[in-house]
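Kindly return the folded structure for what I paste below:
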Amino acid sequence: MKLGIEAKLDDKELALVQSISGAAQQYNDLLPADSPQRIRVGDVVAKVDGQSGKQIMDALSRTSEKLVDIEMRRSGLPNFLMWLRSSSRPGAIETILTAPGFKRWSKLTSQLGTLGFSCWLLSGYGAASLPLWYFGFSATVAYKLVRCCHDEHVSPGVPHCFRPVDQDLAQVVEQAWVSSSAFALKTVDQWRSFGQEVLFASSGQKKKKEKKKKEKGS
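Okay, here's the model as predicted:
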């Protein structure tokens with residue numbers, strides 16, 4: 001039986017899987033449908049039995065080996081976007097879509113967009129406001145949250161580094177709530193202290209006036 005992996009050699013280094021049959025298909029059938037170990041069309045063959053480059057195609061066509069060791073590389077694109085992969089190396093669009101920062105931004109935008117859509121349903125505004133004011137605002141806020149930010153832990157006088165914000169929306173909301181609650185309590189304490197000082201000052205002035213009246217009366 002043939003291995004059953006039809007591949008296209010690209011750049012004389014990597015081979016892009018075009019179709020699967022034979023022993024490779026039997027191997028896939030033994031694994032669950034969602035197993036990451038399954039060989040898929042669009043995967044890239046990097047090595048076969050330790051061989052790379054032009055030797056990959058010869059190794060894939062052999063039929064005598066009982067055990068074949070294949071090193072695969074897989075794109076980070078979702079299945080419905082695999083049509084973007086036309087070669088063994090990622091293009092510009094794939095590089096952007098699979099970047100960690102873009103993934104964080106798209107996830108947070110979808111979460112904020114869902115909240116924005118719910119607010120739009122209650123607002124009574126027309127559909128024209130939805131893409132700009134709700135989805136557009138959600139995308140902008142998500143960008144501000146996931147973009148690189150200033151590292152406040154760097155000592156003074158040292159050139160400051162920048163670090164990406166890698167937090168879920170739930171963590172951001174929780175931190176905002178804790179900070180807002182602490183600020184509100186601090187504000188209440190300050191106003192209470194200010195009120196007590198005003199009352200104390202007014203009571204002191206009142207006592208002084210009463211004392212002066214008594215002195216004049218005597």
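
From Leu132, how far out is Phe80?
Phe80 sits 27 Å away from Leu132, going by CB to CB, to the nearest Å. Quick note: C-beta positions are derived from backbone N, CA and C, even for glycine.

pLDDT below threshold where in the protein?
11-12, 86-88, 148-152, 159-169, 204-218 (pLDDT under 70).

domain parsing for this structure?
What automatic domain parsing lists as the domains of the chain is 5-97, 100-164.

so how far is the last one from its chain's centroid?
Right, domain 100-164. In terms of CA atoms, centre = their mean, to the nearest Å, the centre of domain 100-164 is found 11 Å from the chain centre.

And the longest one, by the same measure?
Relative to the mean C-alpha coordinate of its chain, domain 5-97 is positioned 27 Å out (CA atoms, centre = their mean).

and if you look at stretch 93-113?
Mean-position distance between stretch 93-113 and its chain equals 6 Å (CA atoms, centre = their mean).

just the strands in the protein please.
For the chain, the strands defined by DSSP state E cover 5-10, 14-20, 44-48, 70-73, 148-150, 162-164.

These: which one's closest to Arg85?
strand 14-20 (7.6 Å; CB to CB).

tell me which strands and helices that closest one is in contact with?
strand 5-10, strand 44-48, helix 55-60 (3 or more CB pairs under 8 Å, 6 or more residues apart in numbering; DSSP states H and E).

Just name the most buried of the ones you listed.
strand 44-48 (a mean of 21; mean count of other CB atoms under 10 Å).

quick check: angle from that strand to strand 5-10?
100 degrees (axes from the mean of the first three to the mean of the last three CA atoms, to 10 degrees).

residues in contact with strand 44-48?
The contact list for strand 44-48 (CB atoms under 8 Å, 6 or more residues apart in numbering) reads 5, 7, 14-17, 52, 55-56, 59-60, 68-75, 88.

same thing but 7 Å
For strand 44-48, contacts defined as CB atoms under 7 Å, 6 or more residues apart in numbering pick out 7, 14-17, 52, 56, 59-60, 68, 70-73, 88.

go on, stretch 123-141?
With contact meaning CB under 7 Å, 6+ apart, stretch 123-141 is reached by Thr109, Leu112, Gly113, Gly116, Phe117, Cys119, Trp120.

Same list (the helices and strands packed on strand 14-20) but as JSON lines, adding distance to Thr98.
JSON lines is the format used below for the helices and strands packed on strand 14-20 (distance: least, CB to CB, whole Å):
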{"stretch": "strand 5-10", "distance to Thr98": "18"}
{"stretch": "strand 44-48", "distance to Thr98": "14"}
{"stretch": "helix 55-60", "distance to Thr98": "24"}
